[in-house]
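Novice: Predicted model and sequence follow; I will ask about them next.
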Amino acid sequence: MRFFSKLPYLARILIIATIVAFIIVISGTLMMRFSASNPAVQATTAPTTPSVVATQPTSQPTSDLPALPIEALPTNSTPLTVAKTNSVNQKINSNRLAYGHFSYTQADPNQMRYVGSYATGADQRFESLNIEAVQAFMKMTYAAREVGVWIIPVSGFRTIEQQQKLFLQQIKRRGSEKEAAKISAPPGYSEHHTGFALDLTDGKFPKQDITLAFENTDAYRWLTSHAKEFGFELSFPRNNSQGVSFEPWHWRYVGSANATAVFANARSQR
């Protein structure tokens with residue numbers, strides 16, 4: 001040690017570094033030989049059931065959604081055919097008559113649109129028509145208002161069930177179906193079922209609603225002169241061939257191919 005202490009400082013540093021390097025080399029050589037002679041030790045540290053390890057990222061939840069339904073297709077060799085229908089989804093009405101009224105298929109209520117309201121307060125109700133008739137009616141009423149005429153819809157589309165109630169009320173008032181049918185069509189025979197017919201009144205004379213007095217109003221006089229310009233016509237004029245009583249308030253829309261087809265039988269009697 002005295003010899004070592006007498007060496008210069010730089011020599012001592014070099015000797016120490018050489019010894020440390022030699023130890024590191026010997027240690028590394030021994031570790032490599034030990035690992036090579038015991039390969040099984042590394043294998044025992046691996047999981048015994050590697051297939052259990054999850055293969056999906058933790059941020060992706062497993063999907064529990066049901067499979068989308070698959071629509072079954074026909075398996076026979078007969079080709080599918082789709083029936084053509086007009087936009088109001090109505091069948092061609094038959095020429096059957098009930099007390100002078102032709103039969104009409106009830107239109108789809110979902111094809112109706114509001115055309116206006118009638119009455120006020122608890123009695124107020126909203127009337128609807130087929131969309132084709134609504135557009136024409138709006139144009140007609142706006143034209144009438146420009147000259148001071150106020151046309152109001154009293155009743156538009158009606159279901160068969162609604163018509164049944166009205167017809168029963170008329171039977172009670174008039175005593176028989178025949179007499180009731182003169183002013184109210186039996187259920188299944190009303191033009192109101194089509195969504196193309198409506199009852200009108202003059203907004204300036206509300207007490208004349210659904211009465212023959214409507215004939216003396218400005219609204220009726222304007223309609224008789226201009227309604228045809230917008231595709232509307234009076235359904236039951238005086239002395240009509242169907243034998244239905246004169247109804248100055250009852251008008252129908254015939255301004256489209258659909259509407260004209262619906263009323264073909266009735267219009268052939270004019």
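Specialist: Sure, I can see it. Residues are numbered from 1 along each chain as shown.
Novice: Give me the spatial nearest neighbour of R267, chain neighbours excluded.
Specialist: Spatial nearest neighbour of R267, chain neighbours left out: V254 (7.0 Å); criterion: Cβ to Cβ, 6 or more residues apart in numbering. C-beta coordinates here come from the backbone N, C-alpha and C atoms, glycine included.
Novice: burial measure for that neighbour, as a count.
Specialist: 24 (other Cβ atoms under 10 Å).
Novice: list the contacts for it?
Specialist: Neighbouring residues of V254 by Cβ atoms under 8 Å, 6 or more residues apart in numbering: 196, 231-233, 260, 263, 267.
Novice: In helices, which of the residues you listed fall?
Specialist: Within the contacts of V254, residues falling in helices by DSSP state H are 260, 267.
Novice: ok, the residue nearest to R267 to F230 distance?
Specialist: V254 is 11 Å from F230, where distance means Cβ to Cβ, to the nearest Å.
Novice: same question, K165
Specialist: For K165, the distance to F230 - Cβ to Cβ - is 31 Å.
Novice: Check Q111 too.
Specialist: With distances taken as Cβ to Cβ, Q111 is found 20 Å from F230.
Novice: average pLDDT across the stretch of helix or strand I13 belongs to?
Specialist: In the assignment (DSSP states H and E), I13 maps to helix 9-37. Regarding helix 9-37, the rounded mean pLDDT is 65.
Novice: do the same with stretch 204-215
Specialist: For stretch 204-215, mean pLDDT rounds to 89.
Novice: What of stretch 145-156?
Specialist: Averaged across stretch 145-156, the pLDDT comes to 97.
Novice: what does it contact?
Specialist: 112, 115-116, 118, 127-129, 137, 140-141, 144, 192, 195, 197-204, 209-210, 218-219, 222-223, 249.
Novice: Go ahead and confirm F102 touches A264.
Specialist: No - contact criterion Cβ atoms under 8 Å: F102 and A264 do not qualify, at 9.5 Å.
Novice: Between these two, point out the one with more neighbours.
Specialist: Neighbours were counted for F102 and for A264 using other Cβ under 10 Å; F102 has more, 22 against 14.
Novice: Which pLDDT does the model give that one?
Specialist: We have a pLDDT of 95 for F102.
Novice: Skip the chain neighbours and tell me the closest residue to I160.
Specialist: Once flanking residues are discounted, I160 sits nearest to P187: 4.8 Å by Cβ to Cβ, 6+ apart.
Novice: Counting neighbours, what do you get for the one you found?
Specialist: Other residues within reach of P187, judged by other Cβ under 10 Å, total 20.
Novice: helix, strand or coil for it?
Specialist: Put simply, P187 is coil when judged by DSSP: H, G, I helix; E, B strand; the rest coil.
Novice: buried sites along the strand or helix carrying I171?
Specialist: Assigned by DSSP H and E, I171 belongs to helix 160-174. For helix 160-174, a neighbour-count test (16 or more other Cβ atoms under 10 Å) marks 160, 162-163, 166-167, 170-171 as buried.
Novice: which among those gets closest to K182?
Specialist: Nearest to K182 among these is Q170, at 8.8 Å by Cβ to Cβ.
Novice: any low-confidence regions in this protein?
Specialist: By pLDDT under 70, the weakly predicted segments of the chain are 1-7, 9-11, 14, 20-22, 25-94, 270.
Novice: What segments of it are strands?
Specialist: Per DSSP state E, the chain carries strands over the ranges 97-98, 101-102, 112-118, 125-130, 151-155, 197-202, 232-234, 250-253.
Novice: Go through those and name the closest to I13.
Specialist: When the strands of the chain are compared by Cβ to Cβ, strand 112-118 sits nearest I13, at 102.6 Å.
Novice: domain parsing for the protein?
Specialist: 2-38, 97-267 (automatic domain parsing).
Novice: L97: neighbour count?
Specialist: L97 is flanked by 14 other residues according to other Cβ under 10 Å.
Novice: contacting residues around the helix holding I171?
Specialist: For helix 160-174, contacts defined as Cβ under 8 Å, 6+ apart pick out 106, 158, 177, 179-188, 190, 192-193.
Novice: could you redo the last one with a cut-off of 7 Å?
Specialist: Helix 160-174 is contacted from outside by 106, 177, 180, 183-188, 190, 192-193, using Cβ atoms under 7 Å, 6 or more residues apart in numbering.
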